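S.K.: Test case, fold it:
(one chain, ligands or ions: 2)
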Amino acid sequence: MKLIRGIHNPGQAPHGCVLTIGNFDGVHRGHQALLQRLCAEGRERGLPVVVMIFEPQPLELFASDKAPARLTRLRDKVRYLAESGVDYLLCVRFDRRFAALTAQEFISELLVKRLGVQYLAVGDDFRFGAGREGDFLLLQKAGAEFGFDVTSTQTFCEGGLRISSTAVRRALAEDDLELAQTLLGHPFSISGRVVHGDELGRTIGFPTANLPLRRQVSPVKGVYAVEVAGLGDKLLPGVANIGTRPTVAGVRQQLEVHLLDVVMDLYGRHIDVILRKKIRNEQRFASLDELKAQIARDELTARELFGLSNPA
Ligand SMILES: Cc1cc2nc3c(=O)[nH]c(=O)nc-3n(C[C@H](O)[C@H](O)[C@H](O)COP(=O)(O)O)c2cc1C
Ligand SMILES: Nc1ncnc2c1ncn2[C@@H]1O[C@H](COP(=O)(O)OP(=O)(O)OP(=O)(O)O)[C@@H](O)[C@H]1O
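M.R.: Ligands and ions are numbered 1, 2, ... in the order given. Down below sits the predicted model:
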């Protein structure tokens with residue numbers, strides 16, 4: 001899959017394609033069903049499959065305080081979309097100028113002139129263009145005028161519930177990792193590059209690898225039994241805390257993971273932390289000793305869960 005950043009990269013995007021548009025946060029099973037359909041259509045027509053996403057996501061530009069927590073960073077979205085068989089990922093920089101394009105301009109300049117779209121699949125609730133004035137009906141009319149097909153994707157459900165990024169966030173907020181995984185079609189994980197912490201963890205006997213969550217708010221909080229991918233062939237078990245570390249007066253939200261039975265310097269490594277089970281909420285302890293005793297109990301809980309023997 002080829003990643004194209006921005007719509008002004010001449011010659012990079014194909015002219016003539018099958019296309020879908022959306023946030024694709026989480027690349028959940030609803031998205032995957034839509035992508036499968038789109039790939040089949042692309043094969044039939046002998047055309048490349050293009051997915052258009054926006055970065056930042058529209059709500060993050062317009063109402064950053066109301067924007068929901070991201071399920072996937074761009075890097076992970078790219079990986080999941082590539083695995084789904086997409087040929088080109090067009091990542092549009094969503095700024096005030098782009099947002100001001102009228103629905104008609106979006107169709108004629110971008111979809112028709114720039115991409116030469118032949119087939120477009122979107123949900124029937126898809127809105128676009130300045131003031132969200134463009135809708136499915138307008139796309140259908142434009143399709144008839146410019147000669148491209150427009151289909152509304154069939155809603156993909158789980159237990160009567162429409163799978164959506166919002167539904168995954170809700171499952172995570174309710175600590176239902178199992179449901180989140182069912183909706184996603186893959187386990188929920190948080191990835192990033194390990195940075196230096198203040199190394200207090202080392203002095204309390206639990207060295208931790210720290211992942212900053214940056215401007216991204218995490219959809220989950222608390223202490224989890226986890227498995228870490230990205231450090232060789234095997235998944236490595238660990239315990240992680242996602243929060244602000246009130247005991248040591250931390251401020252910024254971060255993820256900290258302590259690996260069981262392995263000592264290695266993870267600084268600078270890119271890791272993917274798969275959340276397997278919530279152990280408890282983050283707490284403020286009266287002393288570091290109490291925190292240390294609790295983390296030791298968290299470790300035992302995780303060991304039991306993973307069927308590992310206790311440390312010597
Ligand atoms: C499994 C685990 C559970 C944790 N639980 C809490 C907690 O409940 N409250 C808290 O303030 N900090 C918690 N922490 C964070 C510790 O305060 C943190 O590891 C310590 O401050 C070391 O920070 P450093 O890595 O920046 O040196 C937890 C860390 C781990 C690995
Ligand atoms: N369950 C589903 N079944 C079929 N198509 C879906 C499903 N969920 C999303 N889509 C389609 O995938 C495309 C991208 O969806 P997008 O990520 O913007 O929305 P979403 O997953 O419904 O998220 P949100 O909860 O934020 O509305 C859209 O065309 C949308 O209609």
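S.K.: Would you mind measuring the gap between the ends of stretch 167-187?
M.R.: 15 Å (CA to CA, to the nearest Å).
S.K.: I should have written stretch 119-138 there, sorry.
M.R.: Distance between the two ends of stretch 119-138: 15 Å, counting by CA to CA.
S.K.: from the chain's centre, how far out does that stretch sit?
M.R.: Centroid separation between stretch 119-138 and its chain, computed with CA atoms, centre = their mean, to the nearest Å, is 23 Å.
S.K.: likewise stretch 109-126?
M.R.: With CA atoms, centre = their mean, you get 23 Å for stretch 109-126.
S.K.: Which residues does it contact?
M.R.: Outside stretch 109-126, the residues within contact range by CB atoms under 8 Å, 6 or more residues apart in numbering are 7, 13-22, 34, 37-38, 41, 45, 47, 50, 90, 101, 135-136, 139, 142-143, 146, 148-153, 155. (Each C-beta comes from the backbone N, C-alpha and C, glycine too.)
S.K.: so which residue of the stretch 1-150 of the chain comes closest to ligand 1?
M.R.: Nearest to ligand 1, among the residues of the stretch 1-150 of the chain, is residue 69, at 19.9 Å (CB to the nearest ligand atom).
S.K.: What helix or strand is that residue located in?
M.R.: For residue 69, there is no host helix or strand (DSSP states H and E).
S.K.: low-confidence ranges in the stretch 101-250 of the chain?
M.R.: 198-202, 215-216 (pLDDT under 70).
S.K.: hey, where'd the helices end up in the stretch 101-250 of the chain?
M.R.: Along the stretch 101-250 of the chain, counting by DSSP state H, counting those that start in this stretch, helices occupy 103-105, 136-146, 165-173, 177-184, 200-203.
S.K.: okay, those helices in a markdown table with distance to residue 273 next?
M.R.: Formatted as a markdown table, the helices of the stretch 101-250 of the chain follow (distance: least, CB to CB, whole Å):
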| stretch | distance to residue 273 |
| --- | --- |
| helix 103-105 | 40 |
| helix 136-146 | 38 |
| helix 165-173 | 14 |
| helix 177-184 | 13 |
| helix 200-203 | 16 |
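S.K.: Out of these, which is closest to ligand 2?
M.R.: Ligand 2 lies closest to helix 165-173 among these, at 3.3 Å (CB to the nearest ligand atom).
S.K.: Which residues of the stretch 151-300 of the chain lie near ligand 1?
M.R.: Residues of the stretch 151-300 of the chain that fall close to ligand 1, judged by CB under 6 Å from any ligand atom: 197-201, 206, 208, 210, 223, 239, 241, 245-248, 256, 258, 282-284, 291, 295, 298.
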